[in-house]
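J.: Coordinates only, no sequence provided:
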Ligand SMILES: O=P(O)(O)OC[C@H](O)CO
Ligand SMILES: [Mg+2]
């Protein structure tokens, strides 16, 4: 792992996998010469590749799950809370469904499989209305313009992925690859590292060392999955999530709009916002 150092924003290069250590040191030397004319930034880690989560991170879809789960629980005179939400989010559908019926004590009346069937009609109507989260388009377009490779790793299965992204085809088409929750290589959902390791293996040129990958996540299970895969994680949590879940992340941001690529050795945003 590279140590933290400071370098000039104006000399920040896009760091290639094989030369990351050298370029960081080189930039550090340049910083001394340019200290008077340039802002400085602390480099946390030399990142070459990005993996994005989807629900609650790029797409504002977590509220749909919450709405539907509240409706189902109301039938049993129970309420849905963020303690339960934290245990479900990011997981594969069937895994989250088992948590839902077990934790709420309704499993004798409603199986996990029945719950998935019950909520499906509601979700099918809601998902096509999904909006992008603030900063999602901006960050993806920036990384694409600068040639930084990035992919997607979502617990969503294929059918839901298609519904959620149908209004955002252009943005999602910029992903180098997409790994879904029903992918054969994803034996277990987050917090298992399966999905992030599968995503790391599918970049152009083959497997990318997890230590060079930065994951963006909103869910506690997703942050743990990325750490279990040996990757760095920026967490962009819902403000209602208990702050104790922030501890596992390398960086916590209120919004993708607050991300500073230079802190991770990535090409900086330019003055025009690109
Ligand atoms: O957060 P994601 O993209 O892994 O999606 C997981 C579930 O579909 C929703 O929590
Ligand atoms: Mg998520």
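T.: Here it is on my side, so go on. This one's a predicted model, so the numbers in the text were calculated from it and none came from an experiment. Ligands and ions are numbered 1, 2, ... in the order given.

J.: isn't residue 185 right up against residue 198?
T.: Yes - counting by CB atoms under 8 Å, residue 185 does reach residue 198; the two are 4.1 Å apart. In short, each C-beta sits where N, CA and C put it, glycine included.

J.: what sits in contact with each of those two?
T.: residue 179 (CB atoms under 8 Å, 6 or more residues apart in numbering).

J.: residues near residue 248, how many?
T.: Per other CB atoms under 10 Å, the neighbour tally for residue 248 reads 17.

J.: do you know how far the nearest residue to it once chain neighbours are set aside is from residue 141?
T.: Leaving aside its sequence neighbours, residue 248 sits nearest to residue 223 (CB to CB, 6 or more residues apart in numbering; 4.9 Å). Residue 223 is 25 Å from residue 141, where distance means CB to CB, to the nearest Å.

J.: who's more crowded, these two?
T.: residue 223 (27 against 15).

J.: Neighbour count: residue 185 and residue 198, which is higher?
T.: residue 198 (20 against 12).

J.: Wait, a helix at the more buried one?
T.: Yes - assessed by DSSP: H, G, I helix; E, B strand; the rest coil, residue 198 belongs to a helix.

J.: wait, what's in contact with it?
T.: 153, 179, 183, 185-186.

J.: Likewise for residue 64?
T.: 123, 126-127, 130.

J.: Checking residue 91 next. Helix, strand or coil?
T.: coil.

J.: Skipping adjacent residues, who's closest to it in space?
T.: residue 189 is the one closest to residue 91 (CB to CB, 6+ apart), at 4.6 Å.

J.: for residue 211, same thing?
T.: residue 230 (6.0 Å).

J.: Distance of the one you found relative to residue 51?
T.: 12 Å.

J.: So which of the two has more stuff around it?
T.: Higher neighbour count among residue 230 and residue 51: residue 51, with 29 against 15, using other CB under 10 Å.

J.: Confirm that that one sits in a strand.
T.: Yes - the assignment for residue 51 is a strand, going by three-state DSSP.

J.: Kindly report the residues of the stretch 151-274 of the chain close to ligand 1.
T.: 154-156, 219, 222 (CB under 6 Å from any ligand atom).

J.: now those as JSON lines including neighbour count, secondary structure and distance to residue 268?
T.: Converted to JSON lines, these look like this (neighbours: other CB atoms under 10 Å; DSSP: H, G, I helix; E, B strand; the rest coil; distance: CB to CB, whole Å):
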{"residue": "154", "neighbour count": "28", "secondary structure": "strand", "distance to residue 268": "28"}
{"residue": "155", "neighbour count": "28", "secondary structure": "coil", "distance to residue 268": "31"}
{"residue": "156", "neighbour count": "24", "secondary structure": "coil", "distance to residue 268": "31"}
{"residue": "219", "neighbour count": "28", "secondary structure": "coil", "distance to residue 268": "28"}
{"residue": "222", "neighbour count": "31", "secondary structure": "helix", "distance to residue 268": "26"}
